[in-house]
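Visitor: sequence and predicted structure, then a few things I'm wondering about:
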Amino acid sequence: DRAGGGGGQIRREVFPSVAQGSSQEQSSDYYARRGASYWGLGEYRKAIADCDKAIQLDPNNSSAYAVRGDSYRKLGEYQKAIADCDKAIQLNPNDSFAYAFRGASYWRLGEYQKAIVDCDKAIQLDPHNPFAYAHRGASYLGLGEYRKAIADCDKAIQLDPNDSFAYAARGASYRMLGEYRKAIADCDKAIQLDPHNSFAYAVRGASYWKLGEYQKAIADCDKAIQLNPNYSFAYAVRGDSYRLLGEYWKAIADCDKAIQLDPNYSFAYAVRGDSYGELGGIFNKLLRSVIQLMQSGERLTEGWGNTRKP
């Protein structure tokens, strides 16, 4: 869920007007706005540096905390993200995006109920917040409430037709409902809007995998892993695609990586076990063939011995 696409809209919402007050406050606002621009461009370290400066100049600049928090989220530093959003909400309890950003961090941590509570609050404060709808939808997806997820993603897309993440989350929901062609269509759109959306590649790959199009599944998982080398789901799906193509050692290697990233990933263990089982079956077949050949050779030798002249 990169800032691209809807980033400009979010920047306008976070900074609806130029700050009024002392020159120091206006300077703080300048750094916070520039930080938001860097955030929108995906330059999160620069965004954090500018927000640090904004907060140094004005410790009550709630928008700077919100933007820095979401920049930390984008870098995978979720606890820092939550702490900054806590501060933004303390300073401005009506900041819809601070709630939505914190909800997105909870979603990343798998705390779906907390994410939904925050997104509910964000939507209550601003019923036109597409980011909040998209991440509430993704949280419903995590809880297995796929129709609710689709409804929220529909709303996010209605509000922001360039929301790549909302298309990917809706696609993932369709995949879980067995509607694989719809899932692929949504992921195609997500990737068109944001070619760096690893989530969309992984979901599309998993949809191709379910349809038995294993080479396409592998290609999409390759891309997802290139964009996000810690994507355990993409490794597991690619691993099972290799297994189904008879490339058992590649399957095992991918499952090893998935399990290294997520030691509780039961699907990866199952695929690896099946791969070892298939290799064991091949070994047993080869062993039986060798034994049969040896026995045939012994019988042939015995036959030769019986026909030899004394």
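Guide: Thanks, I have the structure now. Just so we're clear, the structure is a prediction, and the values are computed from it rather than from any experiment. Residues are numbered from 1 along each chain as shown.

Visitor: my guess is Asn230 meets Leu261, correct?
Guide: Yes. Counting by C-beta atoms under 8 Å, Asn230 touches Leu261, with 5.6 Å between them. C-beta here means a position set from N, CA and C on the backbone, and glycine is covered the same way.

Visitor: compare the two and say which is more crowded by neighbours.
Guide: Shown here are Asn230 and Leu261; by other C-beta atoms under 10 Å, Leu261 has more neighbours (17 against 13).

Visitor: look at the more buried one and report its pLDDT.
Guide: For Leu261, the model assigns a pLDDT of 96.

Visitor: name the element the spatially most central residue of the chain belongs to?
Guide: Geometric centre of the chain, nearest residue: Phe199, 3.9 Å, by C-alpha atoms, centre = their mean. Phe199 belongs to helix 198-210 when assigned by DSSP states H and E.

Visitor: show me how far the next helix or strand after that helix is from its chain's centre.
Guide: Next along the chain after helix 198-210, taking DSSP H and E as the criterion, comes helix 214-227. With C-alpha atoms, centre = their mean, to the nearest Å as the basis, helix 214-227 stands 13 Å off its chain's centre.

Visitor: helices or strands up against helix 214-227?
Guide: helix 198-210, helix 232-244 (3 or more C-beta pairs under 8 Å, 6 or more residues apart in numbering; DSSP states H and E).

Visitor: Serialize the ones you listed to JSON lines and add fields for mean pLDDT.
Guide: JSON lines is the format used below for the helices and strands packed on helix 214-227 (pLDDT from 0 to 100):
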{"stretch": "helix 198-210", "mean pLDDT": "98"}
{"stretch": "helix 232-244", "mean pLDDT": "97"}
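
Visitor: nearest to Asn60, of those?
Guide: Nearest of those to Asn60, taken as C-beta to C-beta: helix 198-210 at 35.3 Å.

Visitor: just the C-alphas of that closest one, formatted as PDB.
Guide: The C-alpha trace of helix 198-210 is given here as PDB (Å, rounded to 0.1, in the frame of the first residue of the first chain):
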ATOM      1  CA  SER A 198       4.200  -7.000  -3.800                       C
ATOM      2  CA  PHE A 199       0.800  -7.900  -2.200                       C
ATOM      3  CA  ALA A 200      -0.900  -7.800  -5.600                       C
ATOM      4  CA  TYR A 201       1.800 -10.000  -7.300                       C
ATOM      5  CA  ALA A 202       1.500 -12.500  -4.500                       C
ATOM      6  CA  VAL A 203      -2.300 -12.700  -4.600                       C
ATOM      7  CA  ARG A 204      -2.300 -12.900  -8.400                       C
ATOM      8  CA  GLY A 205       0.300 -15.700  -8.200                       C
ATOM      9  CA  ALA A 206      -1.700 -17.600  -5.600                       C
ATOM     10  CA  SER A 207      -4.800 -17.300  -7.900                       C
ATOM     11  CA  TYR A 208      -2.900 -18.700 -10.900                       C
ATOM     12  CA  TRP A 209      -1.600 -21.500  -8.600                       C
ATOM     13  CA  LYS A 210      -5.200 -22.400  -7.700                       C
END
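
Visitor: same for that helix, what does it pack against?
Guide: helix 164-176, helix 180-193, helix 214-227, helix 232-244.

Visitor: the residue nearest to the centre of the chain against Ala168, yeah?
Guide: Yes. With contact defined as C-beta under 8 Å, Phe199 reaches Ala168; the gap is 4.6 Å.

Visitor: can you pull the contacts of the nearest residue to Asp240 once chain neighbours are set aside?
Guide: Nearest residue to Asp240 in three dimensions, chain neighbours excluded: Val271, at 4.6 Å (C-beta to C-beta, 6 or more residues apart in numbering). Neighbour list for Val271: 236, 239-240, 243, 251, 255 [criterion: C-beta atoms under 8 Å, 6 or more residues apart in numbering].

Visitor: show the pLDDT at Val271.
Guide: 95.

Visitor: ok, Glu278 next?
Guide: Per the predicted model, pLDDT is 88 at Glu278.

Visitor: and Pro161, which of the three is it?
Guide: Secondary structure state of Pro161, per DSSP: H, G, I helix; E, B strand; the rest coil, is coil.

Visitor: quick one, phi/psi of it?
Guide: Pro161 has phi and psi values of phi -60, psi -10 when expressed as degrees, to the nearest 10.
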